[in-house]
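# Sequence plus predicted model, see below.
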Protein chains: 4
Amino acid sequence: MVEKQLSKIADLTSGGDGPGMNAAIRAVVRVALNQGVKVSGVQRGYEGLLNEEFFEMDHRSVSNIINRGGTILKTARSKEFATPEGKKKAVEILKKQGINCLIVIGGDGSYRGACELFETFGFPTIGLPGTIDNDINGTDETIGCHTAVNTALEAIDKIRDTAHSMERVFVIEVMGNRSGYIATEVALGAGAEEMIIPERKFDFEKMVGEIKEGYRIGKISWMVVTAEGAGKADEIAKTITNMTGLESRFVVLGHIQRGGTPTGRDRILATRLGAAAVDCALKGQFGKAIGVLRDEINIIDLKEATHKEYKHLDEYQRLIGLLT
Amino acid sequence: MVEKQLSKIADLTSGGDGPGMNAAIRAVVRVALNQGVKVSGVQRGYEGLLNEEFFEMDHRSVSNIINRGGTILKTARSKEFATPEGKKKAVEILKKQGINCLIVIGGDGSYRGACELFETFGFPTIGLPGTIDNDINGTDETIGCHTAVNTALEAIDKIRDTAHSMERVFVIEVMGNRSGYIATEVALGAGAEEMIIPERKFDFEKMVGEIKEGYRIGKISWMVVTAEGAGKADEIAKTITNMTGLESRFVVLGHIQRGGTPTGRDRILATRLGAAAVDCALKGQFGKAIGVLRDEINIIDLKEATHKEYKHLDEYQRLIGLLT
Amino acid sequence: MVEKQLSKIADLTSGGDGPGMNAAIRAVVRVALNQGVKVSGVQRGYEGLLNEEFFEMDHRSVSNIINRGGTILKTARSKEFATPEGKKKAVEILKKQGINCLIVIGGDGSYRGACELFETFGFPTIGLPGTIDNDINGTDETIGCHTAVNTALEAIDKIRDTAHSMERVFVIEVMGNRSGYIATEVALGAGAEEMIIPERKFDFEKMVGEIKEGYRIGKISWMVVTAEGAGKADEIAKTITNMTGLESRFVVLGHIQRGGTPTGRDRILATRLGAAAVDCALKGQFGKAIGVLRDEINIIDLKEATHKEYKHLDEYQRLIGLLT
Amino acid sequence: MVEKQLSKIADLTSGGDGPGMNAAIRAVVRVALNQGVKVSGVQRGYEGLLNEEFFEMDHRSVSNIINRGGTILKTARSKEFATPEGKKKAVEILKKQGINCLIVIGGDGSYRGACELFETFGFPTIGLPGTIDNDINGTDETIGCHTAVNTALEAIDKIRDTAHSMERVFVIEVMGNRSGYIATEVALGAGAEEMIIPERKFDFEKMVGEIKEGYRIGKISWMVVTAEGAGKADEIAKTITNMTGLESRFVVLGHIQRGGTPTGRDRILATRLGAAAVDCALKGQFGKAIGVLRDEINIIDLKEATHKEYKHLDEYQRLIGLLT
């Protein structure tokens, strides 16, 4: 019964962009069209929704985007949507446009908006985890998280050449305000000596002691990875220099971590999630967040898809210690 | 008791090389040394073992290799080791060298050797899954499998430029003799229209019909991904041209899929597995294959770590159909 | 006087596509528009011209393409255009469309067409060298040649990992039917031991002797680079195995060499050439081929822009010998 | 006569490291050895020279480094060498080690040292231009300059995804204290709207006016490239935000520009220069700087190899204006 009612879905991307969002859009559009459901693209996230920036998407709208970074739907912030009036207006516009279900690709801020549309205003929404921080509950991976780690590692591989040639301490700042996911994966994958993350207290004295001791026995270069939310690279580098006398350099990787061609894993994750979102909508399940848990599609309520802590923090920190 | 006996392990890489093997070697060496166990590197796999190509590895032996493709221990095939006499001799040499445990990084052929050393000759061995084919039982991922998929996708992204500019059918052959893992992931990740894999019968007539129909309604380029064990790219391209009249081109990606800088996921996987192998040896657990199942370390008997079928074949094939 | 007459140019890409063609199209379009000249894009090369596939290009038509491989104008072959009647018809269509000048981006086949339109039919044309083979007279570099070399080198860097790990002879076939440019640059840049090119006779016996001698004194891997027009990789590998007893592998890099993100040098080259083509048209100079010689824009008659031999062949061959 | 006297050369890398230095080292070592001259590697630049960190290099010392970033000889700064006493001591050590010629790979600071060793102390030296800034007289290109530009462009291609998805102004800071080479090439190659370089006065008011006007007519993203010596990215971004009301972001690419796999052009340039340095030494020509001018080897006196201005600044700035 319910399935018959689904005639038109809308999709938008919201919050920071991430690699793989386009692959998710492609999957949503094509899987929906192939099952007889129309798709309306919304430009510029919730802001564009309120400005009625809708356009009909066909099969060709998503040709040759599976390997493109960024999002063809663009993304933006919206102050108006943050208000109850804004959300009410959004629902009116969606209904006026004949939309039966809104699929939102974004991080936890975007999820809260989608959740409220459903819980408070009763409008059918579904969320896909599009954020490089991998900090969404109910899924082991988020769209873009693998690419961001690889991009950071590629950058660090270049820095390593100089670190080793010039024999210095390098402090590298990666993204992650509340989440140490990127910093942890990058530190372990780069073979860094130290990592500094928001979730754990960092023992600066201990690090300085280790660097001094290492230098004494002939170690010539160090890499320290810090999440932006845990410590600023320039200050950490300065302190290390002051406390050890060794030359330190810092690099803030910044926005390069958001862009670039998605890895295979992000493309496939995004494709699976996009297809599952349409399946979910066809079954009349709304107010849901789609994820992949233990390699299988996993569906939870949007209201439960809150911030999660990355589960490997302790294991990886122990490994970094054992490998130094 | 048993743990005290572990004083020296040996490690070797065997079979085809793959990205991440060096990260695994690094983890084995450093985690062992940091826990007071000596490590002996064996050059050139089982062949080198029989030639007594051992060398002591220290902390520095594995500096700056976490991001290097190939294997610093090199790899080779050995006819002598394939015989019972060869294996008997191998055990004698290992004992003579004072080795308490041999850690073998390789694919299923290498695993069978390690298994027989343990089951038949009673020598303590542990296996780490080092193969780009991801076809080992007891683990969701094998060292190198993610990088191989990404390498193939990067190559196909380049071919896509030409496919789209010149409006042609491209048939791309990827590795995989018995396993459709790479072909399946690559086909889905590249947005290919068709995939041909050893595990499934392929309906050639159906594909030709779809290409003809697509061409009729304006589709201008196709990508067909085939696993080497399922069909040769040149023959498939020829047949498509004969049956559709469209120009076809083929590319055999070949050995580029084995090399290159490992992705973050392969580096971390290799590191976790290498560390777990040493933990396993310290606990006196031998004849084991280490893997990662559902994102957690998983240990099974080597004799059970046989060929497995990639579990996503059906799901991904359905998706490719829905996305075309 | 003459300059005033230029009101509308057309541009097309022809022959094999190459990285940087889009950067050239972008430069032609924007430089022309910024100087008050309209631009008409022609789809699918000369074939599309004969089918009147023209569309007006504005500033946005070429946004975000400077870093894209392939050609947004697509390319094709045309049997009809190869005939005198075809060329006559092409001129009629160009006039009907109000075009004052046709800018052709392509290799020497495309140049011959553009030349004949000007010399025989008096229609104003200008050629830009778009070919990865770098075999056009009057220019030191052609659009795409640097990227093709880099792409081949990146692939070979991956193969090197395996070559070194498995201790084998690798024969790598690169593009170049009549031209040894790619093979020569790639052999020198990869540190290959041998190169086989169409312009020079190859001494197979000598190579086999060197490989045998190297093996005798402990050398464990070789790389032989061959241009497709000089020798097929599979046959060369087979012969080496037969004559030396060493295991050989081959890889045909194929179409990946045509695609991919253009290097900085190709982007800048294409941009300079595209701008110079418009300058040339504004000055009323037609029947010209634009190039960069000794780092400065260089303009010659299209009829002189024939096949050239790469000038570094001897120097680089000597270097390869000295470096092995 | 003179040629016979050359029996042993030393080589070192000095100043900031750059991609391609290893390819140059490889060429010096192998070309020298193949012509009967011994080679001594000096670790850590002039500092290591004063500490007598010499080691004999053979054919294998430089295996598999042609594609590696950084420098296997490492590099360092030396306060002692900066003094006359330091240089005198250096010459004594070189003589004691039996060195006939010192080949220095580095930037203009390193060149001044090599020049003084020759001019003041009469010790035979030769300089190779190893700096990513491309600011050395007598050569059109320096080792590493192409790779640095490509690395910056790859980073900006990723930022472009976000810039376009989020509709923002991005200010990107690249290396270049006195030299606008990287900034100029990168701005043109990235399709940036503005560039800010040390060699030209920048009209901030004009840029702000253009951004405002562009925004008025619908332009949604901007890229401004600044050389570190001309303006700091964070300050420029802040000013743009203040003056236009548009959101701005900044990225400082930093040390990633020094590292990474060298491009084909840098590898070949380094190889040619390394071989030419040995040829030069064999001919008894000392106190020379080797370069490539108009694609041919060019040799000038070290004392003339001072800072040069990049010759394309005006041409490229005009092009950027025409293309925006």
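Thanks, I have the structure now. From a predicted model like this one, the values you see are computed outputs, not experimental measurements.

# who's in contact with the residue nearest to residue A:301 when sequence neighbours are not counted?
Spatial nearest neighbour of residue A:301, chain neighbours left out: residue A:287 (6.0 Å); criterion: C-beta to C-beta, 6 or more residues apart in numbering or on different chains. Heads up, the C-betas are built off the backbone N, CA and C, glycines and all. For residue A:287, the contacting residues are A:115, A:118-119, A:124-126, A:301-303, by C-beta atoms under 8 Å, 6 or more residues apart in numbering or on different chains.

# and residue A:72, how many neighbours does it have?
If you count neighbours by other C-beta atoms under 10 Å in any protein chain shown, residue A:72 ends up with 18.

# give me the residue from chain A nearest chain C.
For chain A, the residue closest to chain C is residue A:261, as judged by C-beta to the nearest C-beta, at 9.2 Å.

# Just give me the neighbour total for that residue.
For residue A:261, using other C-beta under 10 Å, the count is 23.

# helix or strand for it, which one?
Residue A:261 is part of no helix or strand, with elements assigned from DSSP states H and E.

# do the one 4 residues further on as well
Secondary structure assigned from DSSP H and E places residue A:265 in helix A:264-282.

# Let me see the ranges of the helices in the stretch 151-300 of chain A.
Assigned by DSSP state H, counting those that start in this stretch, the stretch 151-300 of chain A shows helices spanning A:181-190, A:204-216, A:233-244, A:264-282.

# which of the ones you listed has the lowest average pLDDT?
Of all these, mean pLDDT reaches its minimum on helix A:204-216 (a mean of 92).

# now that one, how far from the centre of its chain.
Its chain's C-alpha centre lies 34 Å from the corresponding centre of helix A:204-216 when counted by C-alpha atoms, centre = their mean, to the nearest Å.

# what angle do the helix holding residue A:265 and helix B:181-190 make?
Put simply, helix A:264-282 runs at 70 degrees to helix B:181-190, going by axes from the mean of the first three to the mean of the last three C-alpha atoms, to 10 degrees.

# Go through helix A:264-282 and flag the buried ones.
Residues A:264-282 are the ones in helix A:264-282 that count as buried (16 or more other C-beta atoms under 10 Å in any protein chain shown).

# what are the phi and psi angles of residue A:102?
Backbone torsions of residue A:102, given as degrees, to the nearest 10, read phi -110, psi 120.

# I'd assumed residue A:125 was in contact with it.
Yes: assessed by C-beta atoms under 8 Å, residue A:102 is found in contact with residue A:125 at 4.8 Å.

# overlap in contacts of these two?
A:114, A:117.

# Identify the residue nearest the residue positioned nearest the centre of chain A in space, chain neighbours excluded?
Nearest residue to the geometric centre of chain A (C-alpha atoms, centre = their mean): residue A:131, 1.7 Å. Of all residues not flanking residue A:131 in the chain, residue A:107 sits nearest, at 3.5 Å (C-beta to C-beta, 6+ apart).

# can you check residue A:293 too?
That would be residue A:140: by C-beta to C-beta, 6+ apart, it lies 5.6 Å from residue A:293.

# list the contacts for that neighbour?
By C-beta under 8 Å, 6+ apart, the contact set of residue A:140 is A:291-295, B:295.

# Give me the secondary structure label for it.
coil (DSSP: H, G, I helix; E, B strand; the rest coil).

# any idea how far residue A:150 is from it?
Counting by C-beta to C-beta, to the nearest Å, the separation of residue A:140 from residue A:150 is 17 Å.

# got it, and residue A:88?
42 Å.

# And those two? Which one has more around it.
More crowded of residue A:88 and residue A:150, by other C-beta under 10 Å: residue A:150, with 29 against 13.

# Now do the helix or strand where the more buried one lies: which elements does it pack against?
Per DSSP H and E, residue A:150 falls inside helix A:145-166. On a contact count with 3 or more C-beta pairs under 8 Å, 6 or more residues apart in numbering or on different chains; DSSP states H and E, helix A:145-166 meets strand A:169-174, helix A:181-190, strand A:222-227, helix A:264-282, helix B:264-282, helix D:145-166.

# Tell me if the fourth one is near chain B.
In this case it means helix A:264-282. Yes: using C-beta under 8 Å from any C-beta of the partner chain, helix A:264-282 comes into contact with chain B via A:264-265, A:267-268, A:271-272, A:275.

# between that helix and helix B:145-166, how many degrees?
80 degrees.

# what separates helix A:264-282 from the chain centre, distance-wise?
15 Å.

# Any residue of that helix touching chain D?
No: using C-beta under 8 Å from any C-beta, helix A:264-282 stays clear of chain D, with a minimum separation of 13.2 Å.

# Restricting the selection to alpha carbons, write that helix to PDB.
Output of helix A:264-282 as PDB, limited to C-alpha atoms (Å, rounded to 0.1, in the frame of the first residue of the first chain):
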ATOM      1  CA  GLY A 264      36.800   2.800  -4.100                       C
ATOM      2  CA  ARG A 265      35.500   2.100  -0.600                       C
ATOM      3  CA  ASP A 266      33.800   5.500  -0.400                       C
ATOM      4  CA  ARG A 267      32.300   5.100  -3.800                       C
ATOM      5  CA  ILE A 268      30.900   1.700  -3.000                       C
ATOM      6  CA  LEU A 269      29.800   2.700   0.500                       C
ATOM      7  CA  ALA A 270      28.000   5.800  -1.000                       C
ATOM      8  CA  THR A 271      26.400   3.600  -3.700                       C
ATOM      9  CA  ARG A 272      25.100   1.000  -1.200                       C
ATOM     10  CA  LEU A 273      23.800   3.600   1.100                       C
ATOM     11  CA  GLY A 274      22.100   5.600  -1.700                       C
ATOM     12  CA  ALA A 275      20.400   2.500  -3.000                       C
ATOM     13  CA  ALA A 276      19.400   1.400   0.500                       C
ATOM     14  CA  ALA A 277      17.800   4.800   1.200                       C
ATOM     15  CA  VAL A 278      15.500   4.400  -1.800                       C
ATOM     16  CA  ASP A 279      14.700   0.800  -0.800                       C
ATOM     17  CA  CYS A 280      13.800   2.200   2.700                       C
ATOM     18  CA  ALA A 281      11.600   4.900   1.200                       C
ATOM     19  CA  LEU A 282       9.900   2.300  -1.000                       C
END
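
# quick one on the thing from earlier: can you tell me which two in the contacts of residue A:287 are farthest apart?
Using C-beta to C-beta, the contacts of residue A:287 reach their maximum pairwise distance at A:124 and A:303, which is 14.6 Å.

# So for these two, which residue has more residues nearby?
Neighbour count, other C-beta under 10 Å: between residue A:124 and residue A:303, residue A:124 has more, with 21 against 14.

# Any chance of the backbone angles for the more buried one?
phi -70, psi 120.

# Let me see the confidence value for the closest residue to it other than its chain neighbours.
Residue nearest to residue A:124 in three dimensions, not counting chain neighbours: residue A:286, with 3.7 Å by C-beta to C-beta, 6+ apart. pLDDT for residue A:286: 98.

# Now for residue A:286: which residues touch it?
Residue A:286 neighbours (C-beta under 8 Å, 6+ apart): A:101, A:118, A:124-126, A:280.

# which two in the residues you listed are spaced the farthest apart?
Going by C-beta to C-beta, the pair spanning the contacts of residue A:286 furthest: A:118 and A:280, at 12.6 Å.

# Return the set of buried residues in stretch A:234-245.
In stretch A:234-245, the ones that count as buried by 16+ other C-beta under 10 Å are A:236-237, A:239-240, A:243-244.

# Tell me the residues of chain A that contact chain D?
So chain A meets chain D at A:13, A:16-17, A:19, A:44, A:68-71, A:74-76, A:151, A:155, A:157-162, A:164-167, A:170, A:249-252, A:254-260 (C-beta under 8 Å from any C-beta).

# domain assignment for chain A?
Domain assignment for chain A by automatic domain parsing gives A:2-144+A:262-304, A:149-258.

# Take those and write them to TSV, including distance to residue D:8.
Formatted as TSV, these follow (distance: least, C-beta to C-beta, whole Å):
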stretch	distance to residue D:8
domain A:2-144+A:262-304	49
domain A:149-258	24
